[in-house]
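**Student:** Could you look at this predicted model? Sequence included:
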Amino acid sequence: MSDRVNIKGVRILSERWGTLREYIFEYLRSDGTTQVLAREVYDRGDSAAALIVCRSRHTVIMTRQLRMPMVVAGKDEGLIIEVPAGLLDGRQPEEAIRCEVKEEIGLEITAMNKVLEVFANPSVTTESVHLFVAQCDPPAERLQGGGLACEGEDIEIMEIPANQVMEMIRSGLIKDSKTIVLFLFATVHRLI
């Protein structure tokens, strides 16, 4: 822990998919005074995500699926376009993302590089996201996948021309931060 933070109490608010805790702590401010604060912190574990690039077709493969926070926020009927992603659940990031890509979009990844590790939203959650750029050669026919119904997944697979993604970001069709970070990174480093 930080030398500037002294945790005085922790209370579990919810334990469902993850654990929501309230922390009461003393914070040593930069001016030397101490302030007592309370913050809620959500812990559901770390995750991995991958931008799937099909260089031979000049496309990227993404998903569209329901995200309840988007419903609550009144955005896009709750559907969000994003890269395949999932929780590590005790696996190494590389293993986790290979499994998620196969489950969500039905593809075996042929080559993959970890490019970044970022915090999803450090003001609220402990989740660290391992970001990958992966190469694939999808079959000509429609991809299988779609996620696991037992986990509530109903995933639409989208193969998008790479030259259209930036406009989708600008227009607000793509709002997911990990997807935007991955696409921008891949563009800057000419991985697409």
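**Tutor:** On my side now, so go ahead. Residues are numbered from 1 along each chain as shown.

**Student:** Check which residues of stretch 34-48 are buried.
**Tutor:** Neighbour-count burial for stretch 34-48, counted by 16 or more other C-beta atoms under 10 Å, picks out 41-42, 46-48. Every C-beta, even on glycine, is put in place using the N, C-alpha and C of the backbone.

**Student:** Now, those residues that are in strands?
**Tutor:** Counting by DSSP state E, the buried residues of stretch 34-48 place 41-42, 47-48 in strands.

**Student:** Give me the neighbour count for residue 125.
**Tutor:** Residue 125 is flanked by 17 other residues according to other C-beta atoms under 10 Å.

**Student:** which residue packs closest to it, ignoring adjacent ones?
**Tutor:** Leaving aside its sequence neighbours, residue 125 sits nearest to residue 42 (C-beta to C-beta, 6 or more residues apart in numbering; 4.6 Å).

**Student:** Make TSV out of the buried residues of stretch 34-48 and add pLDDT.
**Tutor:** Formatted as TSV, the buried residues of stretch 34-48 follow (pLDDT from 0 to 100):
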residue	pLDDT
41	97
42	96
46	97
47	97
48	98
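
**Student:** List the buried residues for the helix or strand of the chain with the lowest mean pLDDT?
**Tutor:** Confidence across the helices and strands of the chain bottoms out at helix 68-72, with a mean of 90, counting by mean pLDDT, DSSP states H and E. By neighbour count with 16+ other C-beta under 10 Å, helix 68-72 contains the buried residues residue 70.

**Student:** Give the pairing partners of whichever helix or strand comes after it; include direction for each.
**Tutor:** Counting by DSSP states H and E, the next helix or strand C-terminal to helix 68-72 is strand 79-82. The pairing partners recorded for strand 79-82 under DSSP bridges are strand 59-66 (antiparallel).

**Student:** Grab the CA positions of the partner strand and hand them over as PDB.
**Tutor:** Output of strand 59-66 as PDB, limited to C-alpha atoms (Å, rounded to 0.1, in the frame of the first residue of the first chain):
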ATOM      1  CA  THR A  59     -10.100  -6.200 -42.100                       C
ATOM      2  CA  VAL A  60     -10.500  -6.400 -38.400                       C
ATOM      3  CA  ILE A  61     -12.900  -8.700 -36.600                       C
ATOM      4  CA  MET A  62     -14.900  -7.300 -33.700                       C
ATOM      5  CA  THR A  63     -18.000  -8.300 -31.800                       C
ATOM      6  CA  ARG A  64     -21.300  -6.600 -30.900                       C
ATOM      7  CA  GLN A  65     -23.000  -7.600 -27.800                       C
ATOM      8  CA  LEU A  66     -25.200  -6.500 -24.900                       C
END
